[in-house]
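Asks: Sharing a model that was predicted from the sequence below.
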Amino acid sequence: MNAIIKVAAWPLGLYLVYCGLLFLMQRQMMFPRGLIEVPAENTDIAGLERIWVATSFGKVETWFLPPGEDRGSKPAPAVIFAHGNGELIDFWPQELQTFNRLGMGVLLVEYPGYGRSEGSPSQSSIGETFAAAYDVLAARKDVDAARIVLFGRSLGGGAVCTLAAQRPSAALILMSTFISARSFAAKYMAPGFLVRDPFDNFQAVQNYHGPILIMHGKFDEVIPYRHGLSLYQTAKKGTMVTYASGHNDCPPNWDVFWQDVELFLREAGII
């Protein structure tokens, strides 16, 4: 009997060590900031405002892209954008300037510890950062605080869903987003309670009362399509757009993507 117990104890012990390593290393896996090369600061973007947001753990960088000049003197709607876990705000201004042409401002918010920002990334620190950035944006005289849209891609969906539970917004756009970080625990043969940053997007979407646009690639190999479908099915006012793409090539056609986004924003009364 003792021999049997000893034989059984070895794999159990190894499994516990494995789970312990996963627990300790999971933030390096979820937030691979050390693998991202920080480019030289971009000074070629017309009208870009660099705004440093103060948090309890230091300053975090945000970039504001003002709406087009033909908007007049009225406050304009605005978008808060959260990027994927392997990206920086530096990668996105050129593409997101299409929002400016639609008459909207854009605030790109960096994650703590990414790029030139201080702190360390976690759901808690990201939630604090985005709430602080939201407050700065909503206080601007050129922004209509009643028409702030939250837009997250991949991990960024978790960031804006966390923000949606903290601050009011006019609409939510989720691109290639997961239902929760805990839903991936089984992939690593680990119990869900070990996930330190759960990002329960499913519950956030379930509790959201405004319009939600869900955009997902049918062949997404990182965050399977069923995640996007589940978010759409639980949304009270959901719109689903499916692309014939994977994860990093979503959307496959940016012109079509912007047509889909513009239609959604017009139907939601944002623009």
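Replies: Sure, I can see it. Numbering: from 1, shown residues only.
Asks: Helices of the stretch 51-200 of the chain, start to end?
Replies: 93-101, 123-138, 155-164 (DSSP state H, counting those that start in this stretch).
Asks: Now tell me what touches the first one from outside.
Replies: For helix 93-101, contacts defined as CB atoms under 8 Å, 6 or more residues apart in numbering pick out 42, 45, 48, 63, 65-68, 79, 81, 105-106, 108, 254, 258. All C-beta spots, glycine's among them, are computed from the backbone N, C-alpha and C.
Asks: and the closest residue to Gly34 other than its chain neighbours, how many neighbours does it have?
Replies: Counting by CB to CB, 6 or more residues apart in numbering, the nearest residue to Gly34 once its immediate chain neighbours are dropped is Gln28, at 7.6 Å. By other CB atoms under 10 Å, 11 other residues sit near Gln28.
Asks: out of the contacts of helix 93-101, which are buried?
Replies: By neighbour count, with 16 or more other CB atoms under 10 Å, the contacts of helix 93-101 hold 48, 63, 65-67, 79, 81, 105-106, 108, 258 as buried.
Asks: so which of these comes closest to Leu265?
Replies: Set against Leu265, the nearest of these by CB to CB is Val79 (9.2 Å).
Asks: Now tabulate the buried ones among the contacts of helix 93-101 in a markdown table and tack on pLDDT and distance to Ser122.
Replies: Formatted as a markdown table, the buried ones among the contacts of helix 93-101 follow (pLDDT from 0 to 100; distance: CB to CB, whole Å):
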| residue | pLDDT | distance to Ser122 |
| --- | --- | --- |
| Leu48 | 93 | 28 |
| Trp63 | 97 | 22 |
| Leu65 | 96 | 27 |
| Pro66 | 94 | 31 |
| Pro67 | 90 | 32 |
| Val79 | 98 | 24 |
| Phe81 | 98 | 20 |
| Gly105 | 97 | 28 |
| Val106 | 98 | 25 |
| Leu108 | 98 | 20 |
| Trp258 | 97 | 33 |
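Asks: circling back to that earlier point, tell me the spacing between the residue nearest to Gly34 and Met104.
Replies: 35 Å (CB to CB, to the nearest Å).
Asks: can you list contacts of the strand of greatest length in the chain?
Replies: Across the chain, the longest stretch assigned as strand under DSSP state E is strand 143-153. Residues outside strand 143-153 that contact it (CB under 8 Å, 6+ apart) are 74-84, 104-105, 134, 137-139, 158-161, 163-164, 168-177, 265, 270.
Asks: chain center to it: distance?
Replies: Mean C-alpha position of strand 143-153 versus that of the full chain (CA atoms, centre = their mean, to the nearest Å) differs by 13 Å.
Asks: Would you mind checking the average pLDDT for that strand?
Replies: Taken as a whole, strand 143-153 has an average pLDDT of 98.
Asks: repeat for stretch 160-170
Replies: Per-residue pLDDT values over stretch 160-170 give a mean of 98.
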